[in-house]
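Q: Make a model of this:
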Amino acid sequence: AETLTILENVKVWGRQELEPLIPEHWEKATFPPKILDSFRRNLPHLLGYTLPRKYGGAGFDLRTISLISMTLATIDASFTTTLLVQYGLCAESILLCGTEEQRQRLLPPLARLDQMGCFCLTEPQSGSNASDLHTVAVRVPGGYHITGSKRWIGNGLKADCYCVWAKNTSIPGNPVMGFIVERIHQESHTI
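A: Here you go, the predicted model:
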């Protein structure tokens, strides 16, 4: 019964708040700037819906997460993709691969949509074939220096937190690893 109520709330919000914006923004190829505020304000129980409560998420099971995503996608797949890049690709990568300090610091603001996250895997030369990445990370004092090109970065222009996948050439075998790159200058789109 709880899941049905959640899904009905998603449908009502989507029809009232999201659906009316779709034609204008589809034609302009833009993202409705206030829609995330509306989602946050009207569906606060869905913030971080793929994440555990411990890190500011809703703590839903996989079935409920899937049903929420499917319901949102029936209204607008682009908006749903934004959320799934945010929660599913970026935040889940930090949840699965990050340190506890990174989880505690980064996941709550991502869950609340106070910060946006993106996922940087696809490259011009190798597509999304993670075993053939050309982007490399080299250990330097204080962290890593990452060099390479990415494309098809969902949420990239508005992101605060970038999950960048690269070959770590500082380790034998050059394993592919995820690196968290945080935006320093908000006005910049180059990291």
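Q: Residues touching the helix or strand harbouring Arg63, excluding its own?
A: Using DSSP states H and E, Arg63 sits in helix 62-75. Helix 62-75 is touched from outside by 3, 6-7, 10-11, 14-15, 18-19, 46, 49-50, 60, 79-80, 83-84, with contacts defined as Cβ atoms under 8 Å, 6 or more residues apart in numbering. C-beta coordinates here come from the backbone N, C-alpha and C atoms, glycine included.
Q: what's the answer for stretch 174-185, then?
A: With Cβ under 8 Å, 6+ apart, stretch 174-185 has contacts from 93-94, 97-98, 102, 106, 130-131, 133, 136-137, 144, 146, 159-168, 191.
Q: List of residues touching stretch 47-61?
A: So stretch 47-61 is contacted by 40, 45-46, 64-65, 68, 83-84, 87-88, 91-92, 95, 103-104, 107-113 (Cβ under 8 Å, 6+ apart).
Q: Buried only: go through those residues for me.
A: 46, 64-65, 68, 83-84, 87-88, 91-92, 95, 103, 107-111, 113 (16 or more other Cβ atoms under 10 Å).
Q: How about Phe79: what's its closest non-neighbour residue?
A: Leu18 (5.9 Å; Cβ to Cβ, 6 or more residues apart in numbering).
Q: This structure: strands as residue ranges?
A: Taking DSSP state E as the test, the strands found in the chain are 117-120, 136-140, 143-147, 161-168, 176-182.
Q: Now render these as CSV, adding distance to Ala29.
A: Below are those laid out as CSV (distance: least, Cβ to Cβ, whole Å):
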stretch, distance to Ala29
strand 117-120, 18
strand 136-140, 32
strand 143-147, 29
strand 161-168, 22
strand 176-182, 26
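Q: Perfect, I'm done here.
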